[in-house]
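1. Quick one, structure for this:
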Amino acid sequence: MNGDHPRQKLEARGLRLEYATIAWNAVEMVIAIGLGIAARSLALVAFGLDTMVELFASGVVVWHLRHPGRDSDRTTAQALRLVAWAFFVLAVVVSVGAVWALVTEATPDESPMGIAYLALTAVVMLSLGAAKRTTGRRLGSEPLAAEARMSIIDAALALGVLIGLAANALFGWWWADPVAALLVAVAASREGLENLEEARELSPAES
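-> Predicted coordinates:
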């Protein structure tokens, strides 16, 4: 039992971090969509919508950490595949919104509140992502470490949308918003592919 105690503490810490992520993302979704509609910023609305994907990924990690067979390669591979598909859906949602904005030359209004909230979100999600990555590595939980990267990507997306809104307000660069979003979509796709590869490497151990 003494040997299991540190692991139990890490699992409990991982769950607390995921619950904090879920709580923040639930609030983030409502605020980002509301501010995006007010500012006519498609990227800000898309940022709020893709939070639903992140909520799903966090739910997968909570399921894995609480699963009786969480140490089995089969369960871990299943969790990694689910997180991978969450990355792909995130990339698609962001890409569609960005391409639509580029094609229609959608110009968002200035949104000081949106910029301030995105700055706060970037700090919070980067902090949560770093903490989950450290905990995931110490625990040896690939799904937790993978979902931590999604939080870091969320911080990057928040920063990208922030830069886009600021660039439009200061210089009239309406295209900066969707271009930044496309770069984040590429990063999300790469993470999804890496997770699928990790899941495939675990698959032979199932048989």
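
2. how far is stretch 118-129 from where the chain is centred?
-> Distance of stretch 118-129 from the chain centroid (CA atoms, centre = their mean, to the nearest Å) equals 11 Å.

3. which residues sit against the lowest-mean-pLDDT helix or strand in the chain?
-> Here the helix or strand of the chain ranked lowest by mean pLDDT, DSSP states H and E is helix 42-49, holding a mean of 75. Contacts with helix 42-49, where a contact means CB atoms under 8 Å, 6 or more residues apart in numbering, come from 28-37, 93-94, 97-98, 100-101, 106, 108, 111, 114, 118, 157-158, 160-161, 164-165, 177-178, 180-181. C-beta: built from backbone N, CA, C; applies to glycine.

4. for stretch 161-171, same thing?
-> 39, 41, 43-44, 47, 107-108, 110-111, 114-115, 118-119, 122, 173-174, 176-181.

5. still on that earlier bit, please indicate which of the contacts of helix 42-49 are buried?
-> Listed as buried from the contacts of helix 42-49 are 28-29, 31-33, 35-36, 93-94, 97-98, 101, 106, 108, 111, 114, 118, 157-158, 160-161, 164-165, 177-178, 180-181; burial here means 16 or more other CB atoms under 10 Å.

6. thinking again about what came up before, take the contacts of helix 42-49 and keep only those in helices.
-> Using DSSP state H, 28-37, 93-94, 97-98, 100-101, 114, 118, 157-158, 160-161, 164-165, 177-178, 180-181 are the members of the contacts of helix 42-49 that sit in helices.

7. Excluding sequence neighbours, find me the nearest residue to the most centrally placed residue in the chain.
-> In the chain, the C-alpha nearest the mean C-alpha coordinate belongs to residue 150, at 3.4 Å (CA atoms, centre = their mean). Excluding its sequence neighbours, the residue lying closest to residue 150 (CB to CB, 6 or more residues apart in numbering) is residue 57, at 5.3 Å.

8. close enough to count as contact, the one you found and residue 84?
-> No: using CB atoms under 8 Å, residue 57 is not in contact with residue 84; the gap is 9.5 Å.

9. between the two, which one's more packed in?
-> Taking other CB atoms under 10 Å, residue 57 and residue 84 do not tie; residue 57 has more neighbours (28 against 21).

10. what's whichever strand or helix holds the more buried one in contact with?
-> Using DSSP states H and E, residue 57 maps to helix 51-66. Helix 51-66 has contacts (CB under 8 Å, 6+ apart) with 11, 14-15, 18-19, 21-22, 25-26, 28-29, 32, 70, 75-76, 79, 82-83, 86-87, 89-90, 93, 141, 143-144, 147, 150-151, 154.

11. Now do the buried residues in it.
-> Those would be 51, 53, 54, 55, 57, 58, 60, 61, 62, 63, 64, 65, for helix 51-66 by 16+ other CB under 10 Å.

12. CA-only coordinates of it in PDB, if you can.
-> Taking C-alpha atoms only, helix 51-66 is exported to PDB below (Å, rounded to 0.1, in the frame of the first residue of the first chain):
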ATOM      1  CA  THR A  51     -14.200  24.300 -26.200                       C
ATOM      2  CA  MET A  52     -16.800  21.600 -26.500                       C
ATOM      3  CA  VAL A  53     -14.200  19.300 -28.100                       C
ATOM      4  CA  GLU A  54     -11.800  20.100 -25.200                       C
ATOM      5  CA  LEU A  55     -14.600  19.200 -22.700                       C
ATOM      6  CA  PHE A  56     -14.900  15.900 -24.400                       C
ATOM      7  CA  ALA A  57     -11.200  15.200 -24.300                       C
ATOM      8  CA  SER A  58     -11.100  16.100 -20.600                       C
ATOM      9  CA  GLY A  59     -14.000  13.700 -20.000                       C
ATOM     10  CA  VAL A  60     -12.000  10.900 -21.700                       C
ATOM     11  CA  VAL A  61      -9.100  11.500 -19.400                       C
ATOM     12  CA  VAL A  62     -11.400  11.500 -16.300                       C
ATOM     13  CA  TRP A  63     -12.900   8.200 -17.600                       C
ATOM     14  CA  HIS A  64      -9.400   6.700 -18.000                       C
ATOM     15  CA  LEU A  65      -8.100   7.900 -14.600                       C
ATOM     16  CA  ARG A  66     -11.100   6.400 -12.900                       C
END
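
13. All set, thanks.
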